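[1] Sequence and predicted structure below; questions after.
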Amino acid sequence: MGVAATRIWREIMPETEAAQAVKYYFEAFNANDENAYQMAHHFPHIRINDKAEVSIVMNASELLPLKLIQNHLIRTENWDHSFLDSLELVHASADKVHFNIQFSRYKKEGPPYVTYKALWVVTQKEGRWGILARSTYAP
């Protein structure tokens, strides 16, 4: 790989691969794919919710099961699926990318019933991109 190609890879590929990790998260979430959902994360995983409460999940076995999360959303919001509306690069290095994201939740029919903004940190560890931290205005 030439010098120019190496520079382009370092400048462009991390954010592209990191963006794919975010998209993968939403695909796994909507498909109720527990294994893929766990793989979308890096650990320890940090989440800051709408009330500025911090949770730290040390490993995949400590993640709240996806089915439990979905059942709660279905019961309380009549949720059907979530959609990644926008993904905006804020900062990027070879192994860490910050994104401003916006996502919406939908019922089976109609427009989104709620939209949230968030800042996500996506990192590369052991050759794999995953979500390390999420600061979101969602509960």
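    Cool, got the structure.

[2] name the element the spatially most central residue of the chain belongs to?
    Closest to where the C-alpha atoms of the chain average out (Cα atoms, centre = their mean) is Val22, at 4.4 Å. Secondary-structure assignment from DSSP states H and E places Val22 in helix 3-31.

[3] helix or strand right after that helix?
    Tracing the chain past helix 3-31, the next element assigned as helix or strand by DSSP H and E is helix 34-39.

[4] For this structure, which segments count as strands?
    Here the chain has its strands, by DSSP state E, at 41-48, 54-57, 81-92, 96-106, 114-125, 128-136.

[5] Including distance to Ile74 and mean pLDDT, could the ones you listed go into JSON lines?
    Any C-beta I mention is one placed from the backbone N, CA and C, and that applies to glycine too. Formatted as JSON lines, the strands of the chain follow (distance: least, Cβ to Cβ, whole Å; pLDDT from 0 to 100):
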{"stretch": "strand 41-48", "distance to Ile74": "21", "mean pLDDT": "98"}
{"stretch": "strand 54-57", "distance to Ile74": "22", "mean pLDDT": "98"}
{"stretch": "strand 81-92", "distance to Ile74": "11", "mean pLDDT": "95"}
{"stretch": "strand 96-106", "distance to Ile74": "11", "mean pLDDT": "97"}
{"stretch": "strand 114-125", "distance to Ile74": "14", "mean pLDDT": "98"}
{"stretch": "strand 128-136", "distance to Ile74": "20", "mean pLDDT": "97"}
